[in-house]
Structure formats: C-alpha cells, structure tokens
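S.K.: what follows is a predicted protein model with its sequence.
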Amino acid sequence: MSTVLDEAVLEDRPEVDLSVIAALRAEPEKTVVLAFDIGTSGVRAGLFDSRGDEIAGSQISLSHEFIDLAGGTDADADALIDFVECALDIAVARADSFASRVDYVAASCFWHSLVGVDHNGRAVTPLLGWADTRAAQAVKELRSKFDEKEAHPRTGSRFHPSYWPAKLLWLKQERSELFTRTKRWLSFSDYLFLRLFGDTKTGVSMASATGLFNQRTCAWDRELLEGLSVSLDQLPVIAGPGETFQRPAEEYATRWPLLDGAAWLPAIGDGAANNIGAGCVTPDRATLMIGTSGAMRVMFAGDPPAALPAELFCYRADRTRLVIGGALSDGGGLYRWMKDTFRWTYDDPELEMKLATIEPDAHGLTVLPFWSGERATGWSSSAQGSIVGLTAHTKPIDILRAGMEAVCYRFALLRKALDKVAPKATIVAAGNALLSSTVWAQMIADVLGQRIEISGVSEASSRGAALLALEAAGKIDCLETVEAELANAFEPDMTRHERYAGAIERQQKLYEKLIK
C-alpha cells in the first residue's frame with residue numbers, strides 16, 4: 001500500500017457520446033472513478049466523474065447465486081472471488097468505451113463476513129455471512145465472559161452470531177481443524193484485496209463492523225482479543241488515513257490495463273456507502289434501505305456516544321464519521337422467498353396491483369419476519385420466522401402482504417430507538433427491493449406516520465464509495481456539500497397509521513411470547 005493518494009494530472013471530458021469517442025479522447029479528461037459494490041445478491045459497477053455523478057451508460061450489474069450468504073450456511077469464498085473478478089472484467093471492458101484511464105478504484109462490500117486464510121493466503125474456512133446463526137450458543141459464552149453492556153458502546157456491536165467474536169468461538173469449538181489451520185481472519189473484501197495485491201490491510205469501515213473493533217480508538221479491541229485468545233497478527237492491519245493499494249499483481253494488471261496507475265482505496269461497508277450515496281451524511285437525514293436485508297441508519301461526523309441504545313449498532317464510514325442504526329435480517333429476501341414459494345404466474349406489476357387492493361392489516365395474520373434470524377431491535381441469537389392466524393380463507397397474497405407489513409413494523413420499532421440518537425430525522429428510502437414497489441414505500445410511510453422521500457440514486461452504494469474516494473483524494477471539499485437526487489415522496493395516511501399501531505402492538509406481544 002502507498003501512504004498517500006496519488007495526485008494525477010487530470011483532464012476534461014464531457015459525458016459519453018459513443019459516436020464521438022475518438023474526439024473525446026483527444027480532449028482533456030476529468031477525474032474518473034471506477035466504483036463497484038459487492039452485495040449478497042450481485043455485483044454492480046460503474047464510472048463516476050469528479051462530482052460523483054455516474055457516467056451514463058457505464059453501469060453494469062451481475063446477479064449471482066450465492067444464496068448461502070443470505071441463507072446462513074457455508075459459502076465458497078473462492079467462487080465469489082471468481083465472480084467478482086468476472087464482474088470487473090465486464091466493468092472494465094464497458095469502461096474502456098468511456099474513458100482512456102481510471103484514476104481511482106473504490107469498492108463497497110457487505111459487512112460482517114468472515115473467512116480464515118492459511119500461510120499461502122488461501123481460504124481454509126467457508127465464507128460465513130451475516131445471516132449465519134449457527135454461533136448462537138457461543139453468544140451465551142460471550143455474555144458469561146464479558147460485560148455486554150460495557151462492550152456494546154465500545155465496540156458498537158451486541159454479542160450476536162452475525163459478528164466475529166461469536167463466529168470465532170463457534171469455529172474453534174465446532175471446526176477446530178479449520179480454526180487451527182487459519183493464519184489470519186479476514187472480511188471477504190480483505191480476502192479479495194489479498195488476492196489482488198498480496199496485502200492484508202483493511203479499512204476502518206470494514207473493521208468497524210466485525211464486533212472486534214474499538215470505535216473510540218479506531219483499533220482492534222484488545223480486551224476482546226485477549227479474552228478470545230486472538231492475537232493482533234491474526235487480524236489484518238488497519239490502513240492509515242489516505243493509504244491506497246497500488247498496482248495489482250501482474251495477472252490482474254495485464255487483465256485490466258485500463259486500471260494501470262489507478263489508486264485502489266480500501267473497501268468500505270455497504271451500509272456506510274449507501275448512506276453517502278443517498279446523501280444521508282448528517283443526523284437530520286436517515287436512510288431506510290430494503291435490499292436483501294433491511295436497515296435504517298444515520299451517519300455524521302463526531303465521537304461515538306458514551307451510551308448507545310441497546311437496539312442499535314455503531315460502525316464507521318471512516319475515521320471521522322459514524323454510522324448508527326439497526327439492521328433487519330429480512331427484507332427483500334423474505335419478499336423473494338414468498339414469491340418463489342407461492343410460484344405466482346403473474347408478473348410484478350400485476351402482483352403490485354393485487355397487493356394494493358388489500359386493506360391494511362385486513363388479513364388477520366401476525367408475522368414475525370425472522371426467516372434469516374433477528375438483529376435489530378432485539379438481537380435474538382435464535383429467532384425464527386412465524387406466521388400466526390392462518391385459516392382456510394387465507395390466500396397466498398395475504399401472506400405476502402402480511403410479511404411486507406411485518407418488516408415495516410420492525411422498522412417502526414427501529415425508528416423509535418433511532419430517535420434517541422437522531423430525533424425527527426427525515427427518512428430517505430433506498431434499496432432495489434423497496435424502490436421497485438410503490439406499495440411497500442407507501443406502506444412504510446403509513447406505518448411510520450411520516451413522509452418518506454425516495455432516493456433518485458439508482459446505485460447508492462457504488463456512488464457512495466466513489467464519493468468517499470473523491471473526498472479522500474481532495475477532489476471534492478466534503479461529503480456534506482454533495483447533494484443527492486430525490487425521485488419522489490410518499491405522504492402518510494394517518495388513519496392507516498393508527499390501524500397499523502394496533503398491529504405493531506399485536507406483533508410485539510407475539511414476539512415476547514415466542515422469542516424474548
């Protein structure tokens with residue numbers, strides 16, 4: 001890694017018109033960033049200009065079948081590496097039509113993953129994702145060894161199977177041979193960069209969501225490491241301010257000549273990138289995201305709070321900015337599961353129409369939407385999904401509507417907790433699952449009893465990674481001055497809001513009986 005971001009001689013270029021590419025390449029160019037986002041459902045990449053605006057036509061998107069990441073079972077880290085490399089092949093080939101070079105490469109990646117590598121830098125463990133709940137028993141051991149109330153505000157994480165401490169204990173006890181063979185523990189993005197550059201440094205953002213990171217010192221948490229018998233040399237070094245990766249291994253330098261000379265920034269967490277891309281970087285604007293999972297987060301510059309509400313996490317976007325909020329393990333993934341399970345023959349627009357005809361909470365069902373376990377707000381280690389109230393008159397469309405409403409109810413509880421940190425924040429909705437359903441967007445406005453603004457940024461996480469890279473390189477003054485486009489807004493129906501309030505209370509009573 002280098003110690004400073006390169007200062008390139010930058011040239012001017014208008015946005016692309018393929019009919020005059022040759023002429024454009026003779027003109028001066030502005031800074032170009034290639035940004036890619038690694039999600040649990042696919043990889044997206046595109047080019048961004050010096051203002052953080054996407055260069056029209058440069059975006060690519062590849063869906064993958066790594067359902068194990070969202071399903072909570074072992075995933076193949078090397079197979080996912082191959083897929084990301086393939087996505088970059090396509091992205092670079094597309095980018096070659098728009099730019100003569102790329103100055104910076106920025107990445108966002110899903111948080112919380114864990115993979116162990118051997119002395120040769122090859123994966124010896126499966127890739128464990130955020131939905132893996134097999135370490136539930138290890139959470140009990142953590143709570144017996146450490147004071148969770150003290151550790152939570154320090155690390156920003158509850159003791160939960162989604163984080164590294166529980167995963168490490170589980171691996172040590174249940175996969176001892178793999179645990180012993182592991183030389184270093186990495187996030188998936190760290191493993192990708194190890195393959196590309198032979199370097200195991202990680203960024204503050206990725207480290208901050210492991211559950212082993214001290215948010216106050218921006219270093220690995222020594223108390224937890226000592227208690228878990230994990231040494232610092234088993235973890236990646238945390239990159240310093242302004243550090244970048246320079247020139248990948250020859251195999252990749254030859255494979256992607258357009259990126260020759262580009263500075264690669266350490267990956268940031270997809271949640272942080274999503275907030276940045278959607279323009280939610282101050283405490284008065286919160287992002288509500290529904291992709292495969294769901295989350296509600298605020299981001300702002302400052303110090304970690306001395307006391308953190310039990311429902312919330314606290315991670316970092318960088319060394320100066322915090323990301324505080326909560327994550328739901330089920331969102332678009334639950335919606336997709338129900339669609340696949342019921343095997344409807346009608347298309348998405350027709351499905352939307354049918355959902356819209358059902359009155360709020362008119363199905364008589366109460367759903368606990370924990371198909372992939374629970375994170376916020378209760379952080380149960382063993383929660384499972386439930387549907388209560390089924391009768392001979394219940395239709396599949398009723399179950400889907402009830403599941404969507406149930407996710408909204410968890411957001412209502414999360415919003416109440418977030419008000420303790422960022423009261424009365426404007427809600428900006430993002431995420432492909434939500435943006436593709438006006439019924440769901442209206443449902444959220446009605447459940448929260450609050451106006452919901454819809455982000456006009458189609459790929460917020462990629463854009464967020466690009467903007468953070470541009471700020472680090474000094475190409476934009478600060479993130480807080482960059483605006484994000486809004487598409488439209490949904491106003492709440494307060495009559496429906498009151499009806500939903502009763503349904504939230506009913507759901508919570510069921511939660512307390514079955515899970516709490």
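M.R.: That came through fine. Residues are numbered from 1 along each chain as shown.
S.K.: I figured Gln442 was touching Phe490, is that so?
M.R.: Yes: using Cβ atoms under 8 Å, Gln442 is in contact with Phe490, at 5.0 Å. Just so you know, the C-beta spots here come from the backbone N, C-alpha and C atoms, and that holds for glycine as well.
S.K.: have a look at those two and say which one is more surrounded.
M.R.: Phe490 (20 against 17; other Cβ atoms under 10 Å).
S.K.: next one: that one, what pLDDT does it get?
M.R.: At Phe490, the model reports a pLDDT of 97.
S.K.: same question for Asp190.
M.R.: Looking at Asp190, its pLDDT is 98.
S.K.: which stretch of helix or strand covers it?
M.R.: Assessed by DSSP states H and E, Asp190 sits inside helix 188-197.
S.K.: any figure for the gap between Arg375 and Tyr315?
M.R.: 13 Å (Cβ to Cβ, to the nearest Å).
S.K.: ignore what I typed, I meant Pro241.
M.R.: For Pro241 relative to Tyr315 (Cβ to Cβ), the value is 18 Å.
S.K.: so those two - more neighbours on which side?
M.R.: Counting neighbours by other Cβ under 10 Å for Pro241 and for Tyr315 shows that Tyr315 has the greater number, 30 against 13.
S.K.: export the helix or strand harbouring the more buried one as PDB, just CAs?
M.R.: According to DSSP H and E, Tyr315 maps onto strand 313-316. In PDB, the C-alpha atoms belonging to strand 313-316 read as follows (Å, rounded to 0.1, in the frame of the first residue of the first chain):
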ATOM      1  CA  PHE A 313     -25.200  -0.600  16.300                       C
ATOM      2  CA  CYS A 314     -22.400   2.000  15.800                       C
ATOM      3  CA  TYR A 315     -19.900   1.500  13.000                       C
ATOM      4  CA  ARG A 316     -17.700   3.800  10.900                       C
END
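S.K.: quick check: pLDDT value at Ala433.
M.R.: pLDDT, read off for Ala433, is 84.
S.K.: mind listing what the nearest residue in space to it that is not next to it in sequence touches?
M.R.: Counting by Cβ to Cβ, 6 or more residues apart in numbering, the nearest residue to Ala433 once its immediate chain neighbours are dropped is Gly332, at 2.8 Å. By Cβ atoms under 8 Å, 6 or more residues apart in numbering, the contact list for Gly332 reads 290-294, 431-434.
S.K.: now Trp164
M.R.: Trp164 neighbours (Cβ under 8 Å, 6+ apart): 112, 114, 185, 210-212.
S.K.: quick one: low-confidence ranges for the stretch 351-500 of the chain?
M.R.: Along the stretch 351-500 of the chain, no part satisfies pLDDT under 70.
S.K.: in it, which spans are strands?
M.R.: With strands called from DSSP state E, counting those that start in this stretch, the stretch 351-500 of the chain shows them at 366-368, 386-388, 426-430, 452-455, 486-490.
S.K.: contacts for the strand holding Tyr315, please.
M.R.: So strand 313-316 is contacted by 111, 153, 156-158, 204-205, 208-209, 215, 218, 269, 271-272, 304-305, 308, 322-327, 376 (Cβ under 8 Å, 6+ apart).
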